[in-house]
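A.B. asks: Generate coordinates for the sequence data below:
(one chain, ligands or ions: 1)
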Amino acid sequence: MAAFAIGDAMIDSALELEMPGIPITALGANGALVEAHRAWLAPHFLEPGDLWRLNFRSWIVKIGDKIVVVDPCTGNGRPNPIPLFDRLDIPFLERFEATGTRVEDVDYVFCTHMHYDHCGWNTMLRDGRWVPTFPNARYVFARRELDRWHPDRVARYRRVAYNDGVYERSIAPVVAAGLAELVLDGHAILPNLHVEPGPGHTHGHSMLRLVTGGAEAMFSGDAFHHPLQLIEPTLHFGDYDDGEAIVATRRRLVEESLTRDMLIIPAHLPHPHAGRMKRSAAGLRFEPA
Ligand SMILES: [Zn+2]
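C.D. replies: The predicted structure follows:
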């Protein structure tokens, strides 16, 4: 996709893979809700046959002379019980570097949460060892999220089979290399880029707020997977740690987008990958950017 500007920042991205053909019924939405919003859902978020698709994509944020990578996808060569993600062999780093950014140039890596598809390329396999992919970056992790997945504490939480081994492959090597920065809510990665809580999908799920040149955007990770979940926040897709918290996170995103024209940039939205909430006489809708 083409890079776009938000204020003084340039936003680019690298695609790992797509998951097409998901029935809209997977959201648990009733037919009336889909019909009421069909006009704006199509064509991006409702395809022929009432299907939709997910993107798996990393965001690359360039502000001044700093480069921040958000949610480095799944990574190659890792076992995964979900066949689409099992032992990937995808030229992701080639696609990443085709955006004009070398892995050595990255200053910060931020993971909204520690599911396999948001921290995989934190590391890569070299001579049989997992080593940091971005050797000169500080990796910014929310302390709450790291606590949720740390091997000493993970047994206290809901078991997530598809995430087995992810901490060991994608987080621990970064910590061991001294590149991890464990941060609290509100942490400023850069003066105009702040880590914020966005709990629910996972306990420590966090988001990244960019405010620059009079514009505002939120990298919302997996706070929602389909825009219908912003219209009806109790609709779920897949599993989650805390159903009440994720509903509150979605309501906050909607409110902030409406009141401040904030762009919402999730991890998995298909083209055009981002959008804003709008309210008109016809009701609430998510307008693709
Ligand atoms: Zn995800």
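A.B. asks: going forward, measure contacts between C-alpha atoms and count neighbours the same way
C.D. replies: OK.
A.B. asks: Quick check: what element follows the longest helix seen in the chain along the chain?
C.D. replies: Counting by DSSP state H, the longest helix found in the chain is helix 243-260. Downstream of helix 243-260, the first helix or strand assigned by DSSP states H and E is strand 263-266.
A.B. asks: Would you double-check that residue 152 falls in a helix?
C.D. replies: No. Going by DSSP: H, G, I helix; E, B strand; the rest coil, the assignment for residue 152 is coil, not a helix.
A.B. asks: Quick check: it vs residue 33, distance?
C.D. replies: In this structure, residue 152 and residue 33 are 43 Å apart, going by Cα to Cα, to the nearest Å.
A.B. asks: mind listing what the nearest residue to residue 112 once chain neighbours are set aside touches?
C.D. replies: The shortest distance from residue 112 to any non-neighbouring residue, by Cα to Cα, 6 or more residues apart in numbering, is to residue 206 (4.9 Å). Contact analysis of residue 206 by Cα atoms under 8 Å, 6 or more residues apart in numbering lists 112-113, 142, 195-199, 220-221.
A.B. asks: beta partners of the nearest residue to residue 288 once chain neighbours are set aside?
C.D. replies: Leaving aside its sequence neighbours, residue 288 sits nearest to residue 275 (Cα to Cα, 6+ apart; 4.2 Å). Residue 275 has these beta-bridge partners by DSSP bridges: residue 264, residue 288.
A.B. asks: What of residue 218?
C.D. replies: Listed beta-bridge partners, residue 218: residue 209, residue 264 (assigned using DSSP bridges).
A.B. asks: before we move on, back to that, what about the residue nearest to residue 288, how many residues nearby?
C.D. replies: Neighbourhood size, residue 275 [other Cα atoms under 10 Å]: 21.
A.B. asks: is it true that it touches residue 261?
C.D. replies: No. Using Cα atoms under 8 Å, residue 275 is not in contact with residue 261; the gap is 9.7 Å.
A.B. asks: State the mean pLDDT of the top strand by length along the chain.
C.D. replies: Assignment by DSSP state E gives strand 9-23 as the longest strand of the chain. The average pLDDT within strand 9-23 is 98.
A.B. asks: Thanks a lot, catch you later.
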